[in-house]
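K.L.:
model this:
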Amino acid sequence: MPTTWILIADASRARVFAVTKKSEPWALVKEVAHPQSRSKGMDIMADKPGRVSQSKGVRHRPGMQPTTDPKEAEAERFALQLAGLLDEGHGHNAYARLVLVAPPHFLGLLRDAVSGQVKKQISATVGRDLSMLKDHELPERLADVL
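P.N.:
Predicted coordinates:
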C-alpha cells in the first residue's frame, strides 16, 4: 500500500505524518514551528513606515503602507515553507498520496503555495483546525479521509 502523508497545520505550526495502513500507527515525519505568525502585527513590523513631508504644513504621514497585513504575510511565508517541505518529500518519492488539514483560510494559502506536482498527489483536504489535538487523537478524527 502506498504511503500517505498527512499535513496537520495552522498558520504557526505544522506536523507531517506518514501512514501506510489505516491500522498502523502514524509516524511523525516532521514538526515545524513558525512563531512569527503568532506575533502581533506591530511586533512583526519592527520598523515604522517612512515619513513623507507634505507640501503644506508641518504634518508627516506614512510614506508607504504595507500592501498585506503583516500577520497575513507571515502566514503566506509559512505556507510557502510547508510547500517546499512537501515538494522535497515528493522529489524523494516519500509519499504517493497527500492529505492537507488546516483551518479554511490557511488551507487556501497552502493550496496556492504548493506546486502542480504536489497538487496531483492531494487526495483529500479538511478545512478544520486540528493542530491542537494530540498525535494519538488524530487517526480517529481523520479516519473518514484515509
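
K.L.:
just so I have it, where are all the helices in the chain?
P.N.:
Applying DSSP state H to the chain gives helices spanning 41-44, 70-91, 104-113, 116-121, 138-141.

K.L.:
Residue 27: which of those is closest?
P.N.:
Nearest to residue 27, of all the helices of the chain, is helix 138-141, at 11.5 Å by Cβ to Cβ. Glycine gets a C-beta too; all of them are placed from N, C-alpha and C.

K.L.:
Can you give me the buried ones in that closest one?
P.N.:
Within helix 138-141, the residues that qualify as buried are 138, 139, counting by 16 or more other Cβ atoms under 10 Å.

K.L.:
Same question for stretch 91-106.
P.N.:
95, 97, 98, 99, 100, 101, 102, 103, 106.

K.L.:
Ok, stretch 133-146 next?
P.N.:
Judged by neighbour count (16+ other Cβ under 10 Å), stretch 133-146 contains these buried residues: 138, 139, 142.

K.L.:
Just send those back as CSV, with pLDDT too.
P.N.:
Listed next are the buried residues of stretch 133-146 as CSV, based on pLDDT from 0 to 100:
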residue, pLDDT
138, 96
139, 95
142, 95
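
K.L.:
is it true that residue 89 touches residue 95?
P.N.:
Yes: here residue 89 reaches residue 95: they are 5.8 Å apart, a contact under Cβ atoms under 8 Å.

K.L.:
which neighbours do those two share?
P.N.:
Residues within reach of residue 89 and of residue 95 at once, by Cβ atoms under 8 Å, 6 or more residues apart in numbering, are residue 5.

K.L.:
Please report how far the nearest residue to residue 80 once chain neighbours are set aside lies from residue 76.
P.N.:
Among residues not flanking residue 80 along the chain, residue 113 sits closest, at 5.0 Å (Cβ to Cβ, 6 or more residues apart in numbering). Taking Cβ to Cβ, to the nearest Å as the measure, residue 113 falls 8 Å from residue 76.

K.L.:
got it, and residue 19?
P.N.:
28 Å.

K.L.:
between the two, which one's more packed in?
P.N.:
Remark: of residue 19 and residue 76, residue 19 carries more neighbours, 22 against 17, as counted by other Cβ atoms under 10 Å.
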